[in-house]
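Visitor: sequence and predicted structure below; questions after.
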2 protein chains.
Amino acid sequence: MKFYDCSTAPSPRRVRIFIAEKGLEIETVNISIADGEQLSDEFRAVNPNCTLPALEIDDGPNILNTAGIWAYLEDKFPDPPLMGRTAAEKGHIADIRWQIEFNGSMGMAEALRNSTPRMKGRALPGPDNYEQIPELAERGKARALKFMDRIEGMIGEKPFVAGDSYSVADIDLMVFLDFAKWLKMGLPDEAKNAQRWYKAVSSRPSAKL
Amino acid sequence: MKFYDCSTAPSPRRVRIFIAEKGLEIETVNISIADGEQLSDEFRAVNPNCTLPALEIDDGPNILNTAGIWAYLEDKFPDPPLMGRTAAEKGHIADIRWQIEFNGSMGMAEALRNSTPRMKGRALPGPDNYEQIPELAERGKARALKFMDRIEGMIGEKPFVAGDSYSVADIDLMVFLDFAKWLKMGLPDEAKNAQRWYKAVSSRPSAKL
């Protein structure tokens, strides 16, 4: 098994944290997006989509994104479960992941990719080049901010995003919040439950990765 | 259990097909997006995100999107498996789903929502109103077309998108192609494997739903 990582991008970080929470050791290769290594012929042979993370496995085709890698590792190494124990937990965690990814992470990615000078012509990840759309940067920011306001209600009194156990929903939300700092966005001061939760998940050893 | 459906939208259709492929009967309520029923107080009490599909369950909080509903039903009713049997299959199917959804379905949703007159001010699903961005409609169309060109390679000689068994990846891709007809987009004539696959999945009884 070989994990293709990028130390500066949020999605590979989601996989790094997942691997650490499972207590696994997986051979890792760093691909520098800053240097455009994801567009090299060598990496295209691993992942023609030119995105990180990717996972080479012994029992099937390479897996080319976070959702696939999580599904594979969760089945292969079920303990501790990070995607739910019961049907209701599995459904709820998948539900929350989608909300975080669709409203939060995608909004923020739109904001960043459509405004940062170094991403000119690279407004979407992948092999194709797309020009930035300034209006989309604005909309993405508005969308991520609206999502930010909902986090307090999402956490409530619970120890973790999806209930009593740490899960991929916590990984997604923490990585979103850490990445949001690049756009100078953060939790509102009055979001006490969310602040308490963020402090707890950020102090886990996996969060340092 | 109660399934909140919308007969005209592509995401609820993904759940209808899934339910039929599992051979389940679930009490169903139709919510008309055309009439704005998803924004009513009554439906907000079911799903504050104001999106369809949604599933009310007896053993947990309501599940508010396709990914969550699929994860729940797959665990509760494992036969026939629609999300993979082995770890490698589960990973591969989740991987392909993301590719179809991110490159195909989202591109098409961007194209449609940012250009159709009846979606003015509703460029994103959910409780918040966003204005259309014409440039994003163009980009979405380009993205969906690029994805369309890759389908032939994705299917290859295989009977189904993810290999030998029908799975959620087939549901996602078929629903994408049927919805693409609204934008007058379709498989290229020379995509023989993709045409053969589309004919086969479209002739399943679940595809009529």
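Guide: That came through fine. Small disclaimer: the values here were computed from a predicted structure and weren't measured.

Visitor: wait, does the helix with the most length in chain A contact chain B?
Guide: Looking across chain A with DSSP state H, the single longest helix is helix A:134-155. Yes: part of helix A:134-155 sits near chain B under the criterion Cβ under 8 Å from any Cβ of the partner chain, namely A:135-136, A:139, A:142-143, A:146. The C-beta positions use only the backbone N, C-alpha and C, and glycine is treated the same way.

Visitor: after that helix, next one along is what?
Guide: Next in sequence after helix A:134-155, counting helices and strands by DSSP states H and E, comes helix A:168-180.

Visitor: next SSE after that next one?
Guide: Next helix or strand after helix A:168-180 toward the C-terminus (DSSP H and E): helix A:192-202.

Visitor: buried sites along that next one?
Guide: The neighbour-count check on helix A:192-202 (16 or more other Cβ atoms under 10 Å in any protein chain shown) flags A:193-195, A:197-198, A:201 as buried.

Visitor: packing partners for that helix?
Guide: If contacts are counted by 3 or more Cβ pairs under 8 Å, 6 or more residues apart in numbering or on different chains; DSSP states H and E, helix A:192-202 sits against helix A:134-155, helix A:168-180.

Visitor: highest mean neighbour count out of the ones you listed?
Guide: helix A:168-180 (a mean of 23; mean count of other Cβ atoms under 10 Å in any protein chain shown).

Visitor: and for that helix, what's in contact with it?
Guide: Contacting residues not belonging to helix A:168-180 are listed as A:10, A:13-14, A:17-18, A:21, A:70, A:82-83, A:93, A:96-97, A:100-101, A:104-105, A:108, A:144, A:148, A:151, A:154, A:160-162, A:186-187, A:197-198, A:201-202, A:207 [Cβ atoms under 8 Å, 6 or more residues apart in numbering or on different chains].

Visitor: buried subset of the residues you listed?
Guide: The neighbour count (16+ other Cβ under 10 Å) marks A:10, A:13-14, A:17-18, A:21, A:70, A:82-83, A:93, A:96-97, A:100-101, A:104-105, A:108, A:144, A:148, A:151, A:154, A:160-162, A:187, A:197-198, A:201, A:207 as buried among these.

Visitor: looking at the helices and strands packed on helix A:192-202, which is nearest to B:Ala87?
Guide: Counting by Cβ to Cβ, B:Ala87 lies closest to helix A:168-180 out of those; the figure is 16.0 Å.

Visitor: what is the orientation angle of that closest one with helix A:192-202?
Guide: Going by axes from the mean of the first three to the mean of the last three Cα atoms, to 10 degrees, helix A:168-180 is angled at 100 degrees with respect to helix A:192-202.

Visitor: what about helix A:168-180, distance to the chain center?
Guide: 6 Å (Cα atoms, centre = their mean, to the nearest Å).

Visitor: averaged pLDDT, it. What do you get?
Guide: Mean pLDDT, computed over helix A:168-180, is 97.

Visitor: do stretch A:7-17 as well
Guide: 95.

Visitor: likewise stretch A:108-122?
Guide: The model assigns stretch A:108-122 a mean pLDDT of 93.

Visitor: can you add distance to A:Pro125 and give the helices and strands packed on helix A:192-202 back as a markdown table?
Guide: Below are the helices and strands packed on helix A:192-202 laid out as a markdown table (distance: least, Cβ to Cβ, whole Å):
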| stretch | distance to A:Pro125 |
| --- | --- |
| helix A:134-155 | 14 |
| helix A:168-180 | 14 |
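
Visitor: next one, pLDDT for the closest residue to A:Asn47 other than its chain neighbours please.
Guide: Among residues not flanking A:Asn47 along the chain, A:Ala54 sits closest, at 4.3 Å (Cβ to Cβ, 6 or more residues apart in numbering or on different chains). Model confidence at A:Ala54, given as pLDDT, is 98.

Visitor: number of nearby residues for A:Ala54?
Guide: 28 (other Cβ atoms under 10 Å in any protein chain shown).

Visitor: wait, doesn't it sit right on A:Tyr4?
Guide: Yes: under the criterion of Cβ atoms under 8 Å, A:Ala54 makes contact with A:Tyr4 at 4.2 Å.
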